[in-house]
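Novice: Please find the sequence and the predicted model below.
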Amino acid sequence: MNAIKSLFWFLIFAQTAYAEEQFTDVSLEDLMEVQVTSITKMPMSLNKSPVTAYVVSQDEISRKGYRFLTDILKNIPDIHVANLASTEKAGVEIYIRGIFANDKITVLIDGNKVKAPTGEPTAFFHTMPLIDVKQVEISLGSSSSIYGGDAMLGTINLVTETGEGINGIKVKATGGTQDTGEVQVAAGKKINGDINVALSGSFHHAASEDLKQNYPEIYGKLDKVDLTEQNNNLHFKGNYKDLTLSYYRVYNNANTSLSFNPAAPISYDYSGKAFFATTNQMANATYNLEINPFWQAKSSLSYESTELEPGSSYRAWGASAPITWSGDAMRFSETIAYLKGNINWLSGIELSFMNSTPKNSSDVSSLIKNTSYENYAVYSQVNYDLTEKLVLNGSIRMDADSRYTPSFNPRLGFSWQAFKALRFFGAWGTSYIAPSPYLIYESWNTPKDPIYHRANLNLQPEHMTTAELGFNAEPLKNNAFKLSGFYTQGTDIVRVVNNVFTGKPNTNDNLATSETYGLQVGDAHHFENGISADLNYVYTLGQQNAEKLTQMVAMTNAPENMIKSNLMYSLDKFTFRFTGRWFDKVGTHESNTLYKGERMHGATIFDSNVHYALPLSAAEFSIDLGATNLLDTAYYNVNMNDNFAVIPLVGGALSGGLPRLPQETRRLYLTVGLSY
């Protein structure tokens, strides 16, 4: 009944949004002409993309009051963001069309990877600031044909400003409820005709909600609950003629779910000591050479690293152990492109040399392994305008990992502008991800005796096949309608062999196959009076087999139904944004002792922001007043972890295992910005 009421109120708000909404003076037709580079590694307008893709401009980021990458991802129709505090996944989990995607999507800064290079858990989606970002490009579907492993479900590319683009100093300071404090700064300048320099940084600090007051039945008897998190970021970008040098660093310190657990069989500790602190870095040098107006070459040398801060700890099954791991990669790539008329062709090679120290504790030194391996890749791609209206795309990449047999991954796609107001598009591709040493040598819950998890030296790559077919239509002026269907099949999916209750060691293995499919229906409208609105519904069904058993179970933690709506109104110096998200029938893990794989009710969430911008003679002053989860409707994370059970409430408290964690409490914030 609560879910029905939530859906009813959501649709009321959504229909209001549909009737009177949106953001800038840019027409929908102009938006579809926006150039994107990350879909094919070549310039391409959105109206020729063979896959579903989204571009969020700097103007939209500013007007909507977005501060971090997750703010954008929450409002992408095909993406579900779960704000979890789950151990090993450290905070934010991203689900794309029903599939957990933190390790299956490539994150790029100006086309260069910044994600953990050897497959360790990604913890920084919600900590990547946007103050120096020109536009965010999000493409969905298999991208291993040009990006290699881990681009199984798509790419996220943050295109940053040059020094000339910033041309001064930008400062944003934010304060908010739950002890939120934040500063973002960017500075840039074009020194002369050949040199551009840009530098940006950020610092963010926040505490949890008042768990003692808001959830007295679980936390009320505790003396102290301190679950502070903080993160910081640094980005440098310098251009000298055709040479670009850049450095990106993001640090995130987040508490794990076991910090929230008042009933675990350990000494209660809510001082924030159970934390997961990671540092991701990327240094890159890129040289672009224009051989002639048609032939171009690009050389790139990158260093990427990820490290779990020594001393980070987690709590599990009576254990308290410091853990650490690190991974780094050196990459060299050479690409040559031919861009002329109706044929755009690109080919390249990529050499990667990787090293990883898997997670370990001092008490399990026998399982500590330093692993070095290489990957050699060759790829090629062509975009061919068969006619003025029909564009074909084809690409293939071969990756030779020194640990495994070579992997070949193609992608085929098309875009057909059948009529001026109707475009069909579609794509099919395969992808893979090689298991990281982190997974191969993983040892959980092992303070003294490695009984609960053992290494698996025979772990093999996961594989996926994705397909999409859809159309875009413009039935009315400044109105856009979209309908698409999607399908994903996964094989050799890594899952945990869960033997914790039998006394045998757990291990990771290529246990499962998976299958997800669904559709997206969306409509957007720009009105002439500064109002715009969009409404999207995504229906996703998915299942996977459990530990090589014949029965299929629901995809874990992914909603079957999801609706997202945005309403924006621009009036002179003001922009008003109202966003609604509703999701329902969230899958639980089949071994969950309380919910046993059943689908649970989701939630209805409303966010809002008021943006005010005042141009001055040589500067611009701005204010954002925002709220997340405006109605403060609490919803809960249903445990999906392979290794833990949820035990029902006994006498008003959980008797063991992980509790349902309160999520998305109301947060209010005020951001003051100055650019000059």
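Specialist: That came through fine.

Novice: Confirm that residue 63 sits in a helix.
Specialist: Yes: with DSSP: H, G, I helix; E, B strand; the rest coil as the criterion, residue 63 is part of a helix.

Novice: Pretty sure residue 622 is one of the things it touches, is it not?
Specialist: No: counting by C-beta atoms under 8 Å, residue 63 does not reach residue 622; the two are 9.7 Å apart. All C-beta atoms are positioned from the backbone trio N, CA, C, and that covers glycine.

Novice: what's the overlap in contacts for those two?
Specialist: By C-beta atoms under 8 Å, 6 or more residues apart in numbering, residue 63 and residue 622 have these common neighbours: residue 611.

Novice: tell me which residues form a beta bridge with residue 285?
Specialist: residue 245, residue 301 (DSSP bridges).

Novice: cool, residue 410 as well?
Specialist: Assessed by DSSP bridges, residue 410 has beta-bridge partners residue 396.

Novice: Tell me where the model's unsure across the stretch 201-350 of the chain.
Specialist: For the stretch 201-350 of the chain, the stretches with pLDDT under 70 are 211, 215, 217-219, 221-226, 255-275, 311-324.

Novice: if we go to 50?
Specialist: 263-272, 314-320 (pLDDT under 50).

Novice: residue boundaries of the helices in it?
Specialist: Under the criterion DSSP state H, counting those that start in this stretch, the stretch 201-350 of the chain contains helices at 211-214, 216-219.

Novice: Repeat that for the stretch 51-200 of the chain.
Specialist: Applying DSSP H, counting those that start in this stretch to the stretch 51-200 of the chain gives helices spanning 58-64, 69-73, 144-147, 163-166.

Novice: mind listing what's buried in the second one?
Specialist: Buried residues in helix 69-73, counting neighbours by 16 or more other C-beta atoms under 10 Å, are found at 69-73.

Novice: how about those in JSON lines, adding distance to residue 336 and pLDDT?
Specialist: Below are the buried residues of helix 69-73 laid out as JSON lines (distance: C-beta to C-beta, whole Å; pLDDT from 0 to 100):
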{"residue": "69", "distance to residue 336": "32", "pLDDT": "91"}
{"residue": "70", "distance to residue 336": "36", "pLDDT": "89"}
{"residue": "71", "distance to residue 336": "37", "pLDDT": "91"}
{"residue": "72", "distance to residue 336": "33", "pLDDT": "93"}
{"residue": "73", "distance to residue 336": "33", "pLDDT": "92"}
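
Novice: how about TSV for the residues you listed, with distance to residue 675 added?
Specialist: Output for the buried residues of helix 69-73, formatted as TSV (distance: C-beta to C-beta, whole Å):
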residue	distance to residue 675
69	21
70	23
71	19
72	20
73	25
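
Novice: Could you single out the nearest of these to residue 233?
Specialist: Proximity of the buried residues of helix 69-73 to residue 233 (C-beta to C-beta) peaks at residue 69, which lies at 10.8 Å.

Novice: My read is that that closest one contacts residue 138, right?
Specialist: No: the criterion here is C-beta under 8 Å, and residue 69 misses it with residue 138 at 9.8 Å.

Novice: shared neighbours, these two?
Specialist: With C-beta under 8 Å, 6+ apart as the test, residue 69 and residue 138 both reach residue 156.

Novice: May I have the phi/psi pair for residue 629?
Specialist: When read as degrees, to the nearest 10, the backbone of residue 629 gives phi 50, psi 60.

Novice: can you check residue 434 too?
Specialist: phi -80, psi 140.

Novice: for the chain, which strand is longest?
Specialist: strand 506-526 (DSSP state E).

Novice: Can you name every helix or strand that that strand contacts?
Specialist: Applying 3 or more C-beta pairs under 8 Å, 6 or more residues apart in numbering; DSSP states H and E, we find strand 506-526 packed against strand 453-454, strand 479-497, strand 531-545.

Novice: JSON lines for those, including distance to residue 251 and mean pLDDT?
Specialist: Output for the helices and strands packed on strand 506-526, formatted as JSON lines (distance: least, C-beta to C-beta, whole Å; pLDDT from 0 to 100):
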{"stretch": "strand 453-454", "distance to residue 251": "27", "mean pLDDT": "65"}
{"stretch": "strand 479-497", "distance to residue 251": "28", "mean pLDDT": "91"}
{"stretch": "strand 531-545", "distance to residue 251": "33", "mean pLDDT": "91"}
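
Novice: right, and those - which one's nearest residue 392?
Specialist: Of those, nearest to residue 392 by C-beta to C-beta is strand 479-497, at 18.6 Å.

Novice: May I have the strands that pair with the closest one, each with its orientation?
Specialist: strand 462-473 (antiparallel), strand 506-526 (antiparallel).

Novice: in the helix or strand hosting residue 391, what's buried?
Specialist: Secondary structure assignment for residue 391, by DSSP states H and E: strand 390-401. For strand 390-401, the neighbour count (16+ other C-beta under 10 Å) marks 391-397, 399, 401 as buried.

Novice: Closest one of the residues you listed to residue 36?
Specialist: Distances from residue 36 to the buried residues of strand 390-401, taken as C-beta to C-beta, are shortest for residue 393 (12.8 Å).

Novice: Might one say that residue 464 is in contact with residue 487?
Specialist: No: using C-beta under 8 Å, residue 464 is not in contact with residue 487; the gap is 10.7 Å.

Novice: For these two, indicate the residue with more neighbours.
Specialist: Using other C-beta atoms under 10 Å, the more surrounded residue of residue 464 and residue 487 is residue 464, with 25 against 15.

Novice: And that one, how far from residue 108?
Specialist: Here the distance between residue 464 and residue 108 works out to 19 Å (C-beta to C-beta, to the nearest Å).

Novice: How about residue 390?
Specialist: 29 Å.

Novice: next one: residue 74
Specialist: 20 Å.

Novice: ok, now which ones touch the closest residue to residue 228 other than its chain neighbours?
Specialist: Spatial nearest neighbour of residue 228, chain neighbours left out: residue 207 (4.9 Å); criterion: C-beta to C-beta, 6 or more residues apart in numbering. For residue 207, the contacting residues are 178-180, 226-229, by C-beta under 8 Å, 6+ apart.

Novice: can you redo these as a markdown table with distance to residue 54 and neighbour count?
Specialist: Formatted as a markdown table, the contacts of residue 207 follow (distance: C-beta to C-beta, whole Å; neighbours: other C-beta atoms under 10 Å):
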| residue | distance to residue 54 | neighbour count |
| --- | --- | --- |
| 178 | 30 | 15 |
| 179 | 33 | 11 |
| 180 | 27 | 16 |
| 226 | 38 | 13 |
| 227 | 33 | 20 |
| 228 | 33 | 16 |
| 229 | 28 | 22 |
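
Novice: Narrow those residues to those in strands?
Specialist: 180, 229.

Novice: Let me have the contacts of residue 207 in CSV, extended by distance to residue 241.
Specialist: Putting the contacts of residue 207 into CSV (distance: C-beta to C-beta, whole Å) gives the following:
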residue, distance to residue 241
178, 47
179, 46
180, 42
226, 51
227, 49
228, 45
229, 42
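
Novice: Could you report the separation of residue 491 from residue 252?
Specialist: Distance from residue 491 to residue 252, by C-beta to C-beta: 32 Å.

Novice: So between these two, which is more surrounded?
Specialist: Neighbours were counted for residue 491 and for residue 252 using other C-beta under 10 Å; residue 252 has more, 27 against 15.

Novice: partners of the more buried one in the sheet?
Specialist: Residues in a beta bridge with residue 252, per DSSP bridges, are residue 231, residue 278.

Novice: Equivalent analysis for residue 400, please.
Specialist: For residue 400, the beta-bridge partners under DSSP bridges are residue 376.

Novice: And the pLDDT for it?
Specialist: Looking at residue 400, its pLDDT reads 95.
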